[in-house]
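# Structure for this input, please:
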Amino acid sequence: MDASPTTHVALLDGFALHRDGSGPDTALGELPHGVQRVVARLGMVGRLARTAAAGQLWPDVPEEHALGSLRSALWRLHKVAPGLVVASGGVLSLAAGVRVDVRELTEWAQGVLGRQAPVDGVAAVPDVGLRGELLPGWYDDWVLLERERLRQLRIHALEALADRLITAGRFGEASQAAYAAAQAEPLRESAHRAVVRVHLAEGNVVEAVRAYDSFRVLLAAELGVAPTPQMDQLVGALRRVRTPAV
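Residues are numbered from 1 along each chain as shown. Take a look at the predicted model:
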């Protein structure tokens, strides 16, 4: 296999390799877990020295043994996917042009959070912005750390995107981003505050109060706590309004 510009490594929702717009490559999916780990690690970090890769992927064995396991994994990978991994000067990397969904998620999120990119360029939430967790069922330390980093990055980006879209007056898109954040983390108050802010900006008072009440009930049922003052302040003025007597 040649690593063409349309080769795509998927790490979100599980490991898979796609080529030329096709479905997952079953041959690579059937390779030993150690081989998949090499591709996944390089997909996350971009470039890695051989010794560092061996130490991170096989941390519980002597260095020589780890380097031997790495050589074996690279040999097996080359048999199925020649050209996917490039070795140069003791450094390993995926071939140029190989797409990795984790990198795409990171680039989109940084564009939202950095605010350098215009809102039109980041308003459409990519598929990777809504997909599941990184490599479910993998428990390597480097996977656990990256999984949490990506979870936080995705939610912060969705919340920030909702606020940017509110400012731009694009309430429908803002609502989609805010609800996506709340759906990803149902007990995350900042995501629900984004939902309430969208409704208030659009003038939908009833929807704002309903969203607040739904979160308050959920929080009490799941954790036995109340929303923070930040959340209460969003709808506090509305609750003080009384309908005049007829």
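# From now on I want contacts and neighbour counts done on CA atoms only, so please keep to that.
Fine.
# This protein: strands as residue ranges?
Taking DSSP state E to define them, one finds strands in the chain at 8-10, 16-18, 47-49, 85-88, 91-94, 99-100.
# ranking these by mean pLDDT, which is last?
Of all the strands of the chain, the minimum mean pLDDT falls on strand 16-18 (a mean of 85).
# helices or strands up against that one?
The helices and strands touching strand 16-18, judged by 3 or more CA pairs under 8 Å, 6 or more residues apart in numbering; DSSP states H and E, are strand 8-10, helix 26-29.
# For this protein, name the helix or strand with the lowest mean pLDDT.
Comparing every helix and strand of the chain by mean pLDDT, DSSP states H and E singles out helix 26-29 as the least confident one, with a mean of 54.
# where does this protein have low pLDDT?
Under the criterion of pLDDT under 70, the regions of the chain flagged as low confidence span 1-5, 20-29, 239-246.
# got the domain boundaries for it?
The chain breaks down into these domains under automatic domain parsing: 8-97, 102-240.
# distance between the longest one and the chain's centre?
Domain 102-240 has its average C-alpha position 13 Å from the chain's average C-alpha position, going by CA atoms, centre = their mean, to the nearest Å.
# One more: the shortest one?
Domain 8-97 has its average C-alpha position 21 Å from the chain's average C-alpha position, going by CA atoms, centre = their mean.
# how far does it stretch from start to finish?
Domain 8-97 has an end-to-end distance of 9 Å (CA to CA, to the nearest Å).
# how about the strands of the chain, which one is nearest residue 226?
strand 8-10 (38.9 Å; CA to CA).
# Partner strands of the closest one, with direction?
As defined by DSSP bridges, the strand partners of strand 8-10 come to strand 16-18 (antiparallel), strand 99-100 (parallel).
# rewinding a little: possible to save the domains of the chain as TSV with mean neighbour count?
Compiled in TSV, the domains of the chain are given as follows (neighbours: other CA atoms under 10 Å):
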stretch	mean neighbour count
domain 8-97	16
domain 102-240	17
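# nearest to residue 135, of the strands of the chain?
Distances from residue 135 to each of the strands of the chain were compared using CA to CA; the minimum, 9.1 Å, belongs to strand 8-10.
# Now render the strands paired with strand 8-10 as a markdown table, adding distance to residue 122.
Rendered in a markdown table, the data for the strands paired with strand 8-10 read as follows (distance: least, CA to CA, whole Å):
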| stretch | distance to residue 122 |
| --- | --- |
| strand 16-18 | 25 |
| strand 99-100 | 18 |
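# out of the ones you listed, which comes closest to residue 154?
Judged by CA to CA, the one of those that comes nearest to residue 154 is strand 99-100, at 15.7 Å.
# biggest helix in this protein by residues?
Longest helix in the chain, counting residues (DSSP state H): helix 141-167.
# Check which helices and strands that helix sits against.
With contacts taken as 3+ CA pairs under 8 Å, 6+ apart, helix 141-167 sits against helix 101-114, helix 119-122, helix 171-184, helix 189-202.
# mind checking which of these is nearest residue 66?
Each of these was checked against residue 66 via CA to CA, and the shortest separation belongs to helix 101-114, namely 25.8 Å.
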